[in-house]
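Novice: here is the input, now give the coordinates:
(chains A and B, ligands or ions: 3)
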Amino acid sequence: MKCIKCEENAVISLSRHNAGFCKEHFTEYFHRQVEAAIKEYAMLKTSDRIMVCVSGGKDSLVLWHILNLMGYKTAGMYVSLGIGEYSLKSKAKVVAFAEKHGLEAIIIDLDEEGCPIPLLAARTRRNACSVCGQVKRHYFNKVALDGGFTVAATGHNLDDEAARLFGNVLRWDTKHLAKMSPVLPEEGETIKRKVKPLIRLPEREVAAYAFLNGIDYIPDECPKSRGASSLKYKEVLNELEASSPGTKHFFYGEFFRAAADKFPYVTNEEDKDNLKKCIKCGAESYLDVCSFCRLTEKLNG
Amino acid sequence: MVTVEFPDGTVRQSEKNRIKDILRDIGQNEHAVLVVIDGCLVTPDVCVKNGTEIKLISVVSGG
Ligand code: SF4
Ligand SMILES: [Zn+2]
Ligand SMILES: [Zn+2]
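Specialist: Ligands and ions are numbered 1, 2, ... in the order given. This next block holds a predicted model:
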């Protein structure tokens, strides 16, 4: 297969476009897709100070790489979860990437904070992923506020979001269907605008971009993700994609054109007057002690 | 015979010659992997000679 732009040998084929690209033209195409997503949803302004939430995996490092190339002001924000070897390796990838590109990395280490995920999950008898989500949210909000960031960017790709939409539709989870937009507005002073600039790109293309551009990421997955239903949904969607190319783009894109307005986003803005500051950590909360501090209190109890 | 190395290091053989057919032969969806030969990415339409070693990169992230 030849590149549709220059007749060189293609390094990747995009079956939904029935086209192949060489490295140079694939990179150009990839950047255009990110620019188009940013523009379509008015995700970012040049004046923004962007906190890129990185995990050491391909998606978040590719996102950081591109936003930096595009001239945005970025810093990477990484939470080391205290999940053995996986956390050590992924942290090393983030640190190496930041050093190589002369970028700022803000690292929170849950082992040092005294609340690694496996310990928190065991003490609270909760599922590791639900504890993890809550802890990461707390630190993302805290770092964004303390660091003066105006927006938080995550590396979610088309497959992540199509799988999430698929799961939400299977459960008719209207609360989460209302939060599918790749841009979520800020709330209060703690919660910053959240954007997902990679949503037009399938993860195969994100992985190809990382490979072709020498971005060194951790290929292993968090061991706690084994058996996650999102992996099953991705598999099903890839089966459908193989028989009808373009299915994932259509499924995800059409949601916003045909159905998203049936599930309006509800902010807590009306409740804003009841917001106070957590007496332990100062985070915004509706209770005297925020949910994160109530969670970590269980470690001392 | 073509040798295929999976992301976890396990190895399989296939008698097919076109990448697309090799992937189907070993039960891999072409949207879930990238194929590397001698350090270069190749597209599914490429045909390879007997004895070629190909490597798969998983592209699916979980969680
Ligand atoms: S899979 Fe790992 S990183 Fe993802 S939410 Fe679960 S514990 Fe956290
Ligand atoms: Zn080209
Ligand atoms: Zn608190």
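Novice: paired strands for the one helix or strand in chain A whose mean pLDDT sits lowest, with orientation please.
Specialist: In chain A, no helix or strand scores lower on mean pLDDT, DSSP states H and E than strand A:284-285, which sits at a mean of 85. Sheet pairing of strand A:284-285 (DSSP bridges) gives strand A:276-277 (antiparallel).
Novice: and the contacts of the helix or strand hosting residue A:32?
Specialist: Secondary structure from DSSP states H and E places residue A:32 in helix A:23-40. By CB atoms under 8 Å, 6 or more residues apart in numbering or on different chains, the surrounding residues in contact with helix A:23-40 are A:3-6, A:8, A:11-12, A:21, A:43-44, A:66, A:69-70, A:182, A:195-201, A:205, A:208-209, A:212-213. For the C-beta atoms, the positions are set from N, CA and C on the backbone; glycine is no exception.
Novice: report the backbone C-alpha coordinates of the helix or strand just after that helix in CSV.
Specialist: Sequence-wise, the next helix or strand downstream of helix A:23-40 (DSSP H and E) is strand A:49-53. Written as CSV, here are the backbone C-alpha positions of strand A:49-53 (Å, rounded to 0.1, in the frame of the first residue of the first chain):
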residue,chain,number,x,y,z
ARG,A,49,-2.1,26.9,31.4
ILE,A,50,-2.8,23.2,30.8
MET,A,51,-2.4,20.4,33.3
VAL,A,52,-1.9,17.3,31.3
CYS,A,53,-2.9,14.3,33.3
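Novice: list the buried ones in strand A:49-53?
Specialist: Within strand A:49-53, the residues that count as buried by 16 or more other CB atoms under 10 Å in any protein chain shown are A:50, A:51, A:52, A:53.
Novice: which residue, neighbours along the chain excluded, lies closest to residue A:234?
Specialist: Distances taken as CB to CB, 6 or more residues apart in numbering or on different chains place residue A:163 nearest to residue A:234, at 4.8 Å, with adjacent residues excluded.
Novice: thinking the one you found is in contact with residue A:237, fair?
Specialist: Yes. Taking contacts as CB atoms under 8 Å, residue A:163 lies within contact range of residue A:237: 6.3 Å.
Novice: who does the helix or strand hosting residue A:168 touch, helix- and strand-wise?
Specialist: Assigning secondary structure by DSSP H and E places residue A:168 in helix A:158-170. If contacts are counted by 3 or more CB pairs under 8 Å, 6 or more residues apart in numbering or on different chains; DSSP states H and E, helix A:158-170 sits against helix A:174-177, helix A:203-212, helix A:229-243, helix A:247-254.
Novice: among those, which comes closest to residue B:4?
Specialist: Smallest distance to residue B:4 across the helices and strands packed on helix A:158-170 (CB to CB): 17.4 Å, for helix A:203-212.
Novice: which strands and helices sit next to that closest one?
Specialist: On a contact count with 3+ CB pairs under 8 Å, 6+ apart, helix A:203-212 meets strand A:12-14, helix A:23-40, helix A:58-69, helix A:158-170, strand B:33-37, strand B:40-42, strand B:53-58.
Novice: give me whichever of these is most buried.
Specialist: With neighbours defined as mean count of other CB atoms under 10 Å in any protein chain shown, these peak in mean count at helix A:58-69, which reaches a mean of 23.
Novice: quick one: strands adjacent to whichever helix or strand comes after that helix?
Specialist: Using DSSP H and E, the helix or strand that follows helix A:58-69 in sequence is strand A:73-80. The pairing partners recorded for strand A:73-80 under DSSP bridges are strand A:49-53 (parallel), strand A:105-109 (parallel).
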